[in-house]
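[1] Just a sequence and a predicted model for now, questions to come.
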There are 2 protein chains.
Amino acid sequence: MNEQIHRGLRAAPARPSPTLEDLATAAGVSRSTASRAINGGSRVSPEAQAAVDAAVISLGYTPNRAARSLVTRRTSSIALVINEPDARVMMDPFFAAVITGVTEALRETEMQLVLLMSRAGGDPSRTVRYLRGGHVDGAIVVSHHKADGWTEELAASGLPTVFIGRPWDTGLGIHYVDVDSFEGGRLAALHLAAAGRTRLGTITGPLDMTAAEDRLDGWLAGLREAGLPAGPVAHGDFTPAGGTEAAVRLLAEDSGINGIFAASDLMARGAITALKAAGLSVPGDVAVVGFDDHLTAPGELPLTTINQPTVEMAARAGRLLLEDIENPGALRDPVIYPARLVVRASSGPQGG
Amino acid sequence: MNEQIHRGLRAAPARPSPTLEDLATAAGVSRSTASRAINGGSRVSPEAQAAVDAAVISLGYTPNRAARSLVTRRTSSIALVINEPDARVMMDPFFAAVITGVTEALRETEMQLVLLMSRAGGDPSRTVRYLRGGHVDGAIVVSHHKADGWTEELAASGLPTVFIGRPWDTGLGIHYVDVDSFEGGRLAALHLAAAGRTRLGTITGPLDMTAAEDRLDGWLAGLREAGLPAGPVAHGDFTPAGGTEAAVRLLAEDSGINGIFAASDLMARGAITALKAAGLSVPGDVAVVGFDDHLTAPGELPLTTINQPTVEMAARAGRLLLEDIENPGALRDPVIYPARLVVRASSGPQGG
DNA sequence: GAACAGCCTGGGAGCGCTCCCATGAAACGG
DNA sequence: CCGTTTCATGGGAGCGCTCCCAGGCTGTTC
């Protein structure tokens, strides 16, 4: 009767997919019964259920997500918000680990993962708008920067959200999963001190990220605890190139440095490059400790590092988010994973 | 009047977002005019447009995607289908590059990227069901295996699709973007031959992937062209560990081997590990050529390799998909990027 | 055997949006 | 000055689904 009403639309799928109405007709039941059968089947007779099941298969029926979402106000998808220019995502195993972990948490659910590259070329408010717009049931935010600005707005929106890495404003009651970065920095300092290294420097991450700040604070606390002077501090950006540059600055400040803690493995690798270029041996002249404990490529010098269980953290964040979506408002404490020192060759005995 | 009708629903967002109706009221126009103003504003008076624009800002209005999608039959999202168990995604820079490239192509659009880990723990038909279910406007498929099975079904569904890497059945008219893998394999063989290496072996990728097959075929063709014997072939899985194991098998077959072509950089790295463990030097005893040309970590031996512009390929795939969605049916030829040999230290002079 | 509870069932309404169409106002031509 | 075109406008219908509710059917209870 009215099949022409949407003639003006852009091309529809080749074969229009069957609707619930079609399904019901094929199964010889009503739309309502078909709907109930599709959704878990409470209050549906076995015969009706069987008829619907059969019709689903023969018709290849898939519920229209848009229509369902319109009434349930659920979208069955969550956003993974990555606050970085793309280049970094590409290089850093951290993000790959995050994606792996979140995917793992979602595996048994109907949830889909929507990737939101929030700082990549554009309007940051677009991210919040999208998030608030009801397009997703929840969000996991990773790599959060101090100047992001929209954290409060996001918290106020009531959208279930879990951060990976402590957000700057913990007063907003945002759930988060983190590693004990402070303790990690401290362990690195104590380890180098115990190994007899006395002229120590550190390469931090960008200090607009809590992880970088915490690692630095822990490092400084560890040095105090060991009775060592604070030593030079150079700022990096979590990339190998940044680590190299920072190490050069460290050497300029103290050419006799014999231990370096870098706030990420990638920067530690970069630092080692700079050290070797300066004619220094690792660990002979300078011991190096990283942070993350991501897989080392074969053939590289095994790195002493602070283990951060990134995949597990991301999976946990995913599970927390699912819980929060299912049962909102049950504010939980943050989940902090312990930092664990893993000693390998890069901080071996001095003087080699 | 009927605000209780959906009382039984799961918790709605804290503050219900304004609807188009609210927006229209606030702007003092009708729903229709508001809708037109939102969507490009043809046939809208400047005053009405301004009023709506102002209301959008003051109300923080975002269109409900589900409702819009229900009528337009467009979802403003595309799927990136990754056909691998997660572990691989995590280790291989290839996927990071793909994500980067696709994101880049989508940057200026309203499109969102939905990540579909298709083989990760489950029912493969779920992927096709999702794809056919009208949840996305198109799909990019990467890392396609011979046994995936659903390629035909996907092609038949009419969903705009672009493969990265040639699909097995090119008769289905599926668009794809690829690198000239055959030529890459051939160049590797000719390069090693020209460098005076005569006892050559290769480490393939999984042969249920076209990229692996093409590289092997090209390699064998190159050897024939150079008048060299085919030499041992070991099968790997694109991972460093697989490369290591394969290299061990290669050495078992010919302990005097002096050149190896691995079908990925990661496997080449793994092979180098095995060679060194066997007391052989690279490139002194054995020259190694990889494939991909992904960033080398600082400190590693620079790898001779075949350059594959992965980010650009993925971006191109994204752009092709957008075109195909916008203007379906304009079947285009596949886009094949040339393979380029990049000579570095790992295939340097013999005998060192 | 009547009254009640229990269950399954189908019709109706509505989610927020876009598109069609009819309406009225303004601009134009003869 | 009136017919005709152009243009902005608002109301209506419908996208496919879920939920509510009333109705019919059993099976139970006194």
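    Sure, I can see it.

[2] touching chain B at all, stretch A:92-102?
    Yes. Stretch A:92-102 comes into contact with chain B (Cβ under 8 Å from any Cβ of the partner chain), by way of A:93, A:95-97, A:99-100. C-beta here means a position set from N, CA and C on the backbone, and glycine is covered the same way.

[3] Next step: those residues restricted to helices.
    A:93, A:95-97, A:99-100 (DSSP state H).

[4] A:Ser125 and A:Trp150 touch, don't they?
    Yes. The pair A:Ser125 / A:Trp150 is scored as a contact, 6.8 Å apart, by Cβ atoms under 8 Å.

[5] what's the closest of the ones in helices among the residues of stretch A:92-102 next to chain B to A:Ser69?
    A:Ile99 (24.0 Å; Cβ to Cβ).

[6] Go ahead and confirm the closest one touches A:Leu80.
    Yes. At 7.0 Å, A:Ile99 counts as touching A:Leu80 under the criterion of Cβ under 8 Å.

[7] related to what we said a few turns ago, for the ones in helices among the residues of stretch A:92-102 next to chain B, which single residue is the most surrounded?
    The most crowded member of these is A:Ile99, carrying 27 neighbours; neighbours defined as other Cβ atoms under 10 Å in any protein chain shown.

[8] Next, work out how far apart that one and DNA strand C are.
    Going from A:Ile99 to DNA strand C by Cβ to the nearest atom of the strand, to the nearest Å gives 31 Å.

[9] Which per-residue confidence value corresponds to that residue?
    A:Ile99 is assigned a predicted lDDT (pLDDT) of 91.

[10] where along chain A do the helices fall?
    A:20-27, A:31-38, A:46-59, A:65-72, A:86-91, A:93-106, A:124-132, A:151-157, A:181-194, A:210-226, A:240-253, A:265-277, A:310-326.

[11] Neighbours of whatever residue of chain A ends up closest to DNA strand D, how many?
    With Cβ to the nearest atom of the strand as the measure, A:Leu20 is the residue of chain A nearest to DNA strand D, at 2.8 Å. Using other Cβ under 10 Å as the criterion, A:Leu20 is surrounded by 17 other residues.

[12] Check the one 5 residues further on too.
    Using other Cβ under 10 Å, the number of residues around A:Thr25 comes to 16.

[13] before we move on, back to that, and A:Ser125 and A:Trp150? Which one has more around it.
    Between A:Ser125 and A:Trp150, A:Trp150 has the larger neighbour count (other Cβ under 10 Å), namely 20 against 11.

[14] circling back to that earlier point, which one of the helices of chain A has the lowest average pLDDT?
    Here the lowest mean pLDDT among the helices of chain A goes to helix A:86-91, at a mean of 64.

[15] Now do the shared contacts for A:Ile99 and A:Leu80.
    A:113, B:115 (Cβ atoms under 8 Å, 6 or more residues apart in numbering or on different chains).

[16] Verify the stated contact: A:Arg65 with B:Tyr130.
    No. The pair A:Arg65 / B:Tyr130 is not scored as a contact, 9.2 Å apart, by Cβ under 8 Å.

[17] shared neighbours, those two?
    If you check A:Arg65 and B:Tyr130 against Cβ under 8 Å, 6+ apart, no residue is contacted by both.

[18] excluding its backbone neighbours, what's nearest A:Val139?
    For residue A:139 the amino acid is Ala, not Val. Leaving aside its sequence neighbours, A:Ala139 sits nearest to A:Ala79 (Cβ to Cβ, 6 or more residues apart in numbering or on different chains; 4.4 Å).

[19] What count of nearby residues applies to that neighbour?
    Quick note: A:Ala79 (other Cβ under 10 Å) scores 25 neighbours.

[20] For A:Leu106, see how far away it is.
    12 Å (Cβ to Cβ, to the nearest Å).

[21] which residue sits closest to A:Arg74, ignoring its sequence neighbours?
    A:Asp137 (5.8 Å).

[22] so who does that neighbour touch?
    With Cβ under 8 Å, 6+ apart, A:Asp137 has these contacts: A:74-78, A:111, A:160, A:325.

[23] For ChimeraX, what selects the buried ones among the residues you listed?
    Buried subset of the contacts of A:Asp137, written as a ChimeraX selection, criterion 16 or more other Cβ atoms under 10 Å in any protein chain shown:
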select /A:74,75,76,77,78,111,160,325
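
[24] Make CSV from the contacts of A:Asp137 and add distance to DNA strand C to it.
    Below are these laid out as CSV (distance: Cβ to the nearest atom of the strand, whole Å):
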residue, distance to DNA strand C
A:Arg74, 12
A:Thr75, 13
A:Ser76, 16
A:Ser77, 17
A:Ile78, 20
A:Met111, 21
A:Pro160, 19
A:Ile325, 19
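
[25] Farthest pair within the contacts of A:Asp137?
    Within the contacts of A:Asp137, A:Ser76 and A:Pro160 form the most distant pair, 13.4 Å apart (Cβ to Cβ).

[26] Now the common contact residues for A:Ala79 and A:Leu106.
    Each of A:Leu113 lies in contact with both A:Ala79 and A:Leu106 under the rule Cβ under 8 Å, 6+ apart.

[27] quick one: contacts for A:Val282?
    Going by Cβ under 8 Å, 6+ apart, the list of residues near A:Val282 reads A:272, A:275-276, A:288, A:301, A:346.

[28] ok, now A:Val343?
    With the criterion set at Cβ under 8 Å, 6+ apart, A:Val343 makes contact with A:191, A:304.

[29] Kindly recompute the last result at 6 Å.
    When contacts are counted by Cβ atoms under 6 Å, 6 or more residues apart in numbering or on different chains, A:Val343 touches A:Thr304.

[30] Same question for A:Gln49.
    A:37, A:41.

[31] Quickly note the distance from it to DNA strand C.
    From A:Gln49 to DNA strand C the distance is 7 Å (Cβ to the nearest atom of the strand).

[32] From A:Ala37, how far out is that residue?
    Distance check for A:Gln49 against A:Ala37: by Cβ to Cβ, it reads 5 Å.

[33] and for those two, which residues touch both?
    With Cβ under 6 Å, 6+ apart, A:Gln49 and A:Ala37 have no common neighbours.

[34] What are the neighbouring residues in contact with the residue nearest to A:Thr305 when sequence neighbours are not counted?
    Distances taken as Cβ to Cβ, 6+ apart put A:Gly290 closest to A:Thr305, at 4.0 Å, once the chain neighbours are dropped. Neighbouring residues of A:Gly290 by Cβ under 6 Å, 6+ apart: A:262, A:265, A:268, A:303, A:305.

[35] Can I get the buried part of those residues as one ChimeraX selection?
    Isolation of the buried members of the contacts of A:Gly290 (16+ other Cβ under 10 Å) is achieved in ChimeraX through the command below:
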select /A:262,265,268,303,305
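
[36] mind putting the contacts of A:Gly290 in a markdown table, distance to B:Arg43 included?
    Formatted as a markdown table, the contacts of A:Gly290 follow (distance: Cβ to Cβ, whole Å):
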| residue | distance to B:Arg43 |
| --- | --- |
| A:Ala262 | 60 |
| A:Asp265 | 58 |
| A:Ala268 | 61 |
| A:Leu303 | 64 |
| A:Thr305 | 62 |
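
[37] Skip the chain neighbours and tell me the closest residue to A:Arg31.
    A:Ala24 (4.6 Å).
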